[in-house]
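Trainee: structure, please.
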Amino acid sequence: MESKLVTLKIDNGIAYVTLNRPEKYNALNIELFQAIDKTIKKLHKNTAVRAVILSGAGGNFSSGLDVKSVSKSMMPALKLLFKWLPGNANLAQRVSLGWQQLPIPVICVIEGFCYGGGVQIALGADFRFASKDAQLSIMESKWGLLPDMAGLAGLRQIMTKDKAMQLTYTADIITADKALEFGLVTEVHDKPLEMATRYAEKLMQRSPDTNAAIKLSINKNWSGTLRSLLSRESLSQIRLLLGKNRLIASHREIKQSGKPYQDRQSGW
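Mentor: Numbers count the residues shown, from 1 in each chain. Next up is the predicted model:
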């Protein structure tokens, strides 16, 4: 049975994923963590999905961790933090890192509150489109904690170190415009969901295999060694050259045709 805490609607190749706990401002309890994790895994297997738009129900993205819910007993905390090896991702980290690992573009729509764990999840997306009234905060230090949901994997790629430390030390709540200035969000719009849909449709004009290869290349090579960068670029390019979507892309450009792409190759 599918969880009602995360809704998934696929329309013309775009997967609309919505955190659906509006009465709690989409605060993250253990069940919501698990539902997000399952949704990411489901999307990874669906090669027909071309883009993801992630948002929150009720005019807010997420107010962060539902502290009362998680602290009722030790079991929820153990489920969130458990991992077999220190270098593996636990459940709390997978709900952020998992979006980066999807071989398709992910756009996060941020409206209203986006605090703590909400920011960590949003940092897993490739793009963040915020509403003008959005409020964001890396809030963990307020509770005597540090951000531990792998959001830093995205944060270190989009923001200077001093700005990241400033926001993390202070737990300040900032406006969408200030978040744009800092690099925390990609764009600010009156209607961010509408703009995210338009942008997803634009990205879908390119081969899904090309999009997968570009995302893999940039995410893996952004801070990797030159040797691994050269190797990964060459291997991905060979795979693209042997794929049918590369021929379709050329046909679309040369013939100005609307020939549809095939589903994404599995294994990216």
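
Trainee: got a list of contacts for the helix or strand bottoming out on mean pLDDT in the chain?
Mentor: Between all helices and strands in the chain, the lowest mean by mean pLDDT, DSSP states H and E belongs to helix 74-81, at a mean of 72. Contacts of helix 74-81 from elsewhere in the structure, counted by CB atoms under 8 Å, 6 or more residues apart in numbering, are 29, 30, 33, 34, 69, 70, 71, 90, 91, 92. Quick note: C-beta positions are derived from backbone N, CA and C, even for glycine.

Trainee: for the residue most central in space within the chain, list the residues it contacts.
Mentor: Using CA atoms, centre = their mean, the residue of the chain that lies closest to the mean C-alpha position is residue 125, 2.3 Å off. When the contact criterion is CB under 8 Å, 6+ apart, the partners of residue 125 are 54, 99, 106, 107, 108, 154.

Trainee: by neighbours, which of those wins?
Mentor: Using other CB atoms under 10 Å as the neighbour test, the contacts of residue 125 are led by residue 108, with 29 neighbours.

Trainee: count the residues that sit near residue 203.
Mentor: Using other CB under 10 Å, the number of residues around residue 203 comes to 18.

Trainee: and it, how far is that from residue 234?
Mentor: Residue 203 is 24 Å from residue 234, where distance means CB to CB, to the nearest Å.

Trainee: who are the packing partners of whichever helix or strand comes after the least confident helix or strand of the chain?
Mentor: Reading on from helix 74-81 to the C-terminus, the next helix or strand found by DSSP states H and E is helix 91-101. Of the remaining helices and strands, those touching helix 91-101 by 3 or more CB pairs under 8 Å, 6 or more residues apart in numbering; DSSP states H and E are helix 30-45, helix 74-81, strand 106-110, helix 117-122, helix 152-158.

Trainee: now, which of the contacts of residue 125 sits nearest residue 253?
Mentor: Using CB to CB, residue 107 comes nearest to residue 253 of these, at 24.5 Å.

Trainee: what residues go with each domain of this structure?
Mentor: Following automatic domain parsing, one gets these domains for the chain: 6-203, 208-255.

Trainee: can I get those domains in JSON lines with distance to residue 262?
Mentor: Rendered in JSON lines, the data for the domains of the chain read as follows (distance: least, CB to CB, whole Å):
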{"stretch": "domain 6-203", "distance to residue 262": "9"}
{"stretch": "domain 208-255", "distance to residue 262": "6"}
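
Trainee: hang on, the earlier thing: nearest residue to the residue nearest to the centre of the chain in space, please, no chain neighbours.
Mentor: Across the structure, with CB to CB, 6 or more residues apart in numbering as the measure, the residue nearest residue 125 apart from its sequence neighbours is residue 108 (3.6 Å).

Trainee: for that neighbour, give its distance to residue 196.
Mentor: As judged by CB to CB, residue 108 and residue 196 stand 8 Å apart.

Trainee: same check on residue 217?
Mentor: If you go by CB to CB, the gap between residue 217 and residue 196 works out to 23 Å.

Trainee: more neighbours: the two, which one.
Mentor: Residue environment comparison for residue 217 versus residue 196 gives the larger neighbour count to residue 196, 26 against 16, counting by other CB under 10 Å.
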